[in-house]
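**Student:** Structure for the following, please:
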Amino acid sequence: MMRTLAHRRAFTLIELLVVIFILVVLTVLAIGIAAPQTQQRRLREAARQTELYLHRARARALELGQVVGVLLVPYRPDPASTAQPFCVQLYTLTLPDPYVGGNLPPLSGVPTQAVILDVNYTPPPGLPQYFVLRVNDAGWQGLIRRGDLIQIGQKGGWHVILGSVDDSGGGSPGIDAQGYLQYRNWIIRLSTIGSSDPIGANRFPFRPGDVVPGGFRVQRMPRPDALTFSTIEPLELPEGVVVDLLQSRIELGPTNMPPLMDPNGNGVLIAFTPQGEMLVLHPTFGLLHGDVFLMVGTQDQVEQINAQGHTRNLLDTETYWVGVNRRTGQVMTAINAGPDPTNAVPDLLDALRFIRSWDSEGGG
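**Tutor:** Prediction:
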């Protein structure tokens, strides 16, 4: 027995080095295989978290009966630095309390109820359908701004406040430097929120001289320089994963899909109404109404590659789109289809073909 043990050969240094080399190679190969899968999981999970966060905001709007917003803030390494064209956190905003007026009976012969002064279904080309509302109650000064939403009779659709005029019809647009209305005769755009059809008398059954039954309700929109964050925790995306604000788009028309990134680097608000519809409050372009497509990609691919403003995230078929339908507010997720390789210029509609059919991976 002792003789057998004495003649057992040990490993040589070369053999040990060969074994170590093989283990290192196998480890490197395993990491190389696992890394892309890990990145894909991070992107998929980030898209799912973004979808759920937006869906939660919509549900809260329905529950509270008021507008609830999700703010996309461009990333800044520090407050004094330039805004980057992506965001790593999403915030839920508490919007200002609604203003309710025009629902009190006349007091001592002084009218307090709101009255329709004018309705114009066929304005000159380039101008929106509008109506003029005379607000006789006090208390709205310094509260109501251009871009706020108003609901006539406190039910039905929401319309957009454009400005005001004095009793002689002059003074337009009738707003101060901060956008607050100055006169009691409010100019209001007949809204097409939730429909692409013209408003018409069947959807706005008021005539000049009509007293508004039940008064009105104004949902005040937040000022970009005076935001109030809710107690809901912000959503922080995984490290290296971002919402690409250059590639994220709002569809205002078949060929009109501008990026969400604000040229001045301010936050963009995705707002849900109590009816479940979705609006975008853009600090530069105002109130917008169109389907939103958020690109969930990687920070290192937020690099513009052509004059159309597309980034490298558009070329990556492992990135995700999170879409929000303007009419229903429904939030859905789909993988990026990628551009058609036969096109010389990457086509955004090709990359969006899965999400634009609202083909969800289990979305809300």
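**Student:** What strand or helix carries residue 69?
**Tutor:** If you go by DSSP states H and E, residue 69 is part of strand 68-72.
**Student:** next one: residue 26
**Tutor:** Element membership for residue 26 (DSSP H and E) is helix 13-64.
**Student:** Do a quick rundown of the helices in the stretch 51-200 of the chain.
**Tutor:** 200-203 (DSSP state H, counting those that start in this stretch).
**Student:** need the contact list for the closest residue to residue 144 other than its chain neighbours.
**Tutor:** If the residues on either side of it in the chain are set aside, residue 144 comes closest to residue 181, at 5.0 Å by Cβ to Cβ, 6 or more residues apart in numbering. Every residue, glycine included, has its C-beta placed from N, CA and C. Contacts for residue 181 (Cβ atoms under 8 Å, 6 or more residues apart in numbering) come out as 140-141, 144-146, 161, 163-164, 174-175.
**Student:** try 7 Å
**Tutor:** Neighbour list for residue 181: 144, 163-164, 174-175 [criterion: Cβ atoms under 7 Å, 6 or more residues apart in numbering].
**Student:** Could you identify the buried members of those?
**Tutor:** Applying a neighbour-count criterion of 16 or more other Cβ atoms under 10 Å, the buried members of those are 144, 163-164, 174-175.
**Student:** which one among these gets closest to residue 132?
**Tutor:** The closest of the buried ones among the contacts of residue 181 to residue 132 turns out to be residue 164 (Cβ to Cβ; 8.9 Å).
**Student:** Bridging across strands, which residues link to the closest one?
**Tutor:** For residue 164, the beta-bridge partners under DSSP bridges are residue 186.
**Student:** With residue 152 instead?
**Tutor:** Here residue 152, judged by DSSP bridges, has bridge partners residue 216.
**Student:** Can you pull out the low-pLDDT segments for the stretch 1-150 of the chain?
**Tutor:** 1-11, 29-37, 105-110 (pLDDT under 70).
**Student:** Let's see that with 50 instead.
**Tutor:** For the stretch 1-150 of the chain, no stretch is flagged by pLDDT under 50.
**Student:** Report the central residue of the chain.
**Tutor:** Nearest to the mean C-alpha position of the chain, counting by Cα atoms, centre = their mean, stands residue 270 at 2.8 Å.
**Student:** Which strand residues bridge that residue?
**Tutor:** residue 70, residue 280.
**Student:** Quickly note the distance from it to residue 86.
**Tutor:** Distance, residue 270 to residue 86, by Cβ to Cβ, to the nearest Å: 16 Å.
**Student:** Looking at the contacts of residue 181, which is nearest residue 128?
**Tutor:** residue 163 (11.9 Å).
**Student:** quick one, what contacts the closest one?
**Tutor:** 146, 172-175, 181, 187.
**Student:** got it, and residue 320?
**Tutor:** 43-44, 47, 296, 333, 335-336.
**Student:** ok, now residue 143?
**Tutor:** Counted by Cβ under 7 Å, 6+ apart, residue 143 has contacts 99, 220.
**Student:** again, only using 10 Å
**Tutor:** Residue 143 sits next to 96-97, 99, 101, 180-181, 218, 220 when contact means Cβ atoms under 10 Å, 6 or more residues apart in numbering.
**Student:** Tabulate the residues you listed (a markdown table), appending distance to residue 314.
**Tutor:** Formatted as a markdown table, those follow (distance: Cβ to Cβ, whole Å):
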| residue | distance to residue 314 |
| --- | --- |
| 96 | 37 |
| 97 | 41 |
| 99 | 42 |
| 101 | 47 |
| 180 | 41 |
| 181 | 42 |
| 218 | 40 |
| 220 | 37 |
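**Student:** among those residues, who's most crowded?
**Tutor:** residue 181 (26 neighbours; other Cβ atoms under 10 Å).
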